[in-house]
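Novice: coords below, sequence missing:
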């Protein structure tokens, strides 16, 4: 408290009567009785807007100065919108008053102090906060956290786009740590995504049924199949379930980013796994091939695979038959040429069991057993109860 205020209180304590004028003066002293020290927050009212800043009455003997750079970023065109005259506003004292210099104030520091308080609440409540990416730096991203600078390590980013393309965009983040003394804020995007996916997985598994047709996005290709994002859960589309036709590798028919309609053919709730199929949505060609082909037919087919035991030949869309290696070798020796995948060959169906999904081929037509002609039997060898023919 100022010396004048102490004197007034001392007089009151000694039982001296205060005049109305003295009481009014004491009230003014109490109203502006601040410790005007650097680092303190004081209240004041805007007196005048100037080109370089704002003059503020904080109750000191001189008006204080608020530089433009300490108001807000970016600086508004209409200063009255953020610093209206006649209203009590809080300011942070950057520099104390001297004989040659005024008090220098900051409004930014007040915002920052308020922001730190809010961020502590956000951290305590484990809330999501949207931040704008300001720059790409070594090891991660710098983001604007309500006027403060935060850092998102690259290990805590879960984005498909390049880091550079994120500048100027907002990311949902969670605070990992706060250090106001060091002005240090570490945030995570991975934590937000992980928790969102966990919630989505929970909802998806609750509502997902075998036999359901769903649309998903191809997110990864492997030698044994493709992983399809169903909206929080990655289901496996095995190579064998992609098509009724032979597929050498998923990349032959799919690429990352493709939208595909798949059928759910298996759900493992315990392991949180989903099995998918594309070919199950189409009629099994083996149910049709018996209507289109027959034993002994000569057909043209395309060699799809070569194995040590023979060649697989597609003789009907989605149906492969086996051309044994001995037939293949005989043909190659006779024609002095090697057959390769993709070539078309004319072959005969020599074994035909569509119910068992087996068809055998040959370059030579099948030899069917000739029917046995009935033989005549001499009359004298016949008895009354024996047939005339056998």
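Specialist: Yes, it's here. What you see is a predicted model; the values in this text were computed from it and never measured.
Novice: which helix or strand contains residue 345?
Specialist: Here residue 345, judged by DSSP states H and E, is contained in strand 344-353.
Novice: tell me the buried residues in that strand?
Specialist: 345, 347-350, 352 (16 or more other Cβ atoms under 10 Å). (C-beta placed from N, C-alpha, C; glycine too.)
Novice: next one, pLDDT for residue 264 please.
Specialist: We have a pLDDT of 92 for residue 264.
Novice: swap in the one 10 residues further on?
Specialist: Predicted confidence (pLDDT) at residue 274: the value is 90.
Novice: which residues does residue 45 bridge with?
Specialist: residue 57 (DSSP bridges).
Novice: dump the residue contacts of it.
Specialist: 56-57, 85-89 (Cβ atoms under 8 Å, 6 or more residues apart in numbering).
Novice: top of those residues by neighbour count?
Specialist: Most neighbours among the contacts of residue 45, by other Cβ atoms under 10 Å: residue 56, with 24 neighbours.
Novice: worst-scoring helix or strand of the protein, pLDDT-wise?
Specialist: helix 3-13 (a mean of 46; mean pLDDT, DSSP states H and E).
Novice: A helix includes residue 118, no?
Specialist: Yes - assigned with DSSP: H, G, I helix; E, B strand; the rest coil, residue 118 falls within a helix.
Novice: kindly provide the distance from it to residue 125.
Specialist: Here residue 118 is placed at a distance of 11 Å from residue 125 (Cβ to Cβ, to the nearest Å).
Novice: so which of the two has more stuff around it?
Specialist: residue 118 (13 against 7).
Novice: hmm, residue 148 and the more buried one touching each other?
Specialist: No - using Cβ atoms under 8 Å, residue 118 makes no contact with residue 148, being 10.2 Å away.
Novice: now, the contacts of residue 45 that are in strands?
Specialist: 56-57, 89 (DSSP state E).
Novice: next, format those residues as TSV and append distance to residue 313 and pLDDT.
Specialist: Formatted as TSV, the ones in strands among the contacts of residue 45 follow (distance: Cβ to Cβ, whole Å; pLDDT from 0 to 100):
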residue	distance to residue 313	pLDDT
56	91	93
57	96	92
89	86	92
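Novice: helix, strand, or coil at residue 291?
Specialist: helix.
Novice: ok, now which ones touch residue 148?
Specialist: So residue 148 contacts 112, 115-116, 119, 183, 185 (Cβ under 8 Å, 6+ apart).
Novice: most surrounded residue in those residues?
Specialist: residue 185 (24 neighbours).
Novice: name the nearest residue to that one, ignoring sequence neighbours.
Specialist: residue 150 (3.8 Å; Cβ to Cβ, 6 or more residues apart in numbering).
Novice: quickly list what the one you found is bridged to.
Specialist: residue 143.
Novice: the helix or strand that contains residue 202 packs against which elements?
Specialist: Here residue 202, judged by DSSP H and E, is contained in helix 190-207. When contacts are defined as 3 or more Cβ pairs under 8 Å, 6 or more residues apart in numbering; DSSP states H and E, helix 190-207 sits against strand 170-179.
Novice: what's the offset of the strand it packs on from the middle of its chain?
Specialist: 18 Å (Cα atoms, centre = their mean, to the nearest Å).
Novice: what's the angle from that strand to helix 190-207?
Specialist: 120 degrees (axes from the mean of the first three to the mean of the last three Cα atoms, to 10 degrees).
Novice: direction included, what does strand 170-179 pair up with?
Specialist: In the sheet, strand 170-179 lines up with strand 128-137 (antiparallel), strand 184-188 (antiparallel) (DSSP bridges).
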